[in-house]
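Enquirer: Give the three-dimensional model of this entry:
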Amino acid sequence: MSCPLSTPNKNPNPQGKGVVPILKDWSMLQPTVTGPKGAAEFLRDYAVSSLILTANFGFKPVIGNTYFLYTGEKGWTLSLISPSEWGQSSPGEFLARCRLRIDMTWEMIIEEPSEHSDALAKARSFIKGFVDVLAEQNAISTHLPFYESHLPYYQRMLGTALASSLKASLPAFGDSMKTLMAEQSPPRPDSSYLLCAGASGAKVLQGRPSQTA
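Expert: Sure thing, here's the model as predicted:
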């Protein structure tokens, strides 16, 4: 079973990119990976990045820039526009600020939303489903999103870059999904464990007083 990165799109290249622009974009999206990651960091980067790449967006994300993640009737939207700039035309409930890192994984910054937030509930549901799918796999690298042809152009490029990054930053124990899950605390992490209120070492949103991750 493949990981739920996105829904099918009948037009895999809506921007009509030619070979030269594709090669240029790909050269700019090559991940810079410093080495193996710990199990918790690896799983969080995998799950959170996959959630962000399910969002609708038609621009090329730039490393280090801030983007804004919303959810509404049409699903997830990643936007250049902040909540204060939308007015009445917002694409949905705001969840988080997002940044693309140099290793092509995504940082999601959630700023203490209400526990009654529909956006937070949807994100937790996605992460739970994602982890459930991963837990049924044997090897981590088997279902990484290398060139998912059904995705829109930038999602396809970023998905391939994410897969390259994850393969290059596998934890020291190797490619075993069983070991990855066993190394977590708790052993079968839920969405609360993976969705954080800030950057690395941030507060964990678990419906109770926050603790350091």
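
Enquirer: From here on, just use CA atoms for contacts and neighbour counts.
Expert: Fine.

Enquirer: Would you enumerate the residues in contact with A163?
Expert: Taking Cα atoms under 8 Å, 6 or more residues apart in numbering, we find A163 in contact with 144-146.

Enquirer: Ignore what I typed, I meant F68.
Expert: 78-83, 94-98.

Enquirer: Output the contacting helices and strands for whichever helix in the chain runs longest.
Expert: In the chain, assigned by DSSP state H, the helix with the most residues is helix 118-135. Applying 3 or more Cα pairs under 8 Å, 6 or more residues apart in numbering; DSSP states H and E, we find helix 118-135 packed against helix 39-53, strand 93-100, helix 177-182, helix 191-194.

Enquirer: Flag every buried residue along that helix.
Expert: 118-120, 123-124, 126-131, 134-135 (16 or more other Cα atoms under 10 Å).

Enquirer: For E115, see how far away the residue nearest the centre of the chain is.
Expert: In the chain, the residue lying closest to the centroid (Cα atoms, centre = their mean) is S49, at 1.4 Å. S49 is 22 Å from E115, where distance means Cα to Cα, to the nearest Å.

Enquirer: what do you get for L162?
Expert: Taken as Cα to Cα, the span from L162 to E115 is 30 Å.

Enquirer: sorry, back to before: how about the helices and strands packed on helix 118-135, which one is nearest K167?
Expert: helix 39-53 (10.3 Å; Cα to Cα).

Enquirer: Extract the CA atoms of the very next helix or strand once past the closest one and return them as CSV.
Expert: Remark: after helix 39-53, the chain's next helix or strand is strand 66-72, criterion DSSP states H and E. Extracted in CSV, the C-alpha atoms of strand 66-72 (Å, rounded to 0.1, in the frame of the first residue of the first chain):
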residue,chain,number,x,y,z
THR,A,66,7.2,31.2,5.0
TYR,A,67,4.0,29.8,3.6
PHE,A,68,0.5,29.4,5.2
LEU,A,69,-1.5,26.1,5.4
TYR,A,70,-5.3,26.2,5.4
THR,A,71,-8.0,23.6,5.2
GLY,A,72,-11.5,24.1,3.9
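
Enquirer: Okay then, goodbye and thanks.
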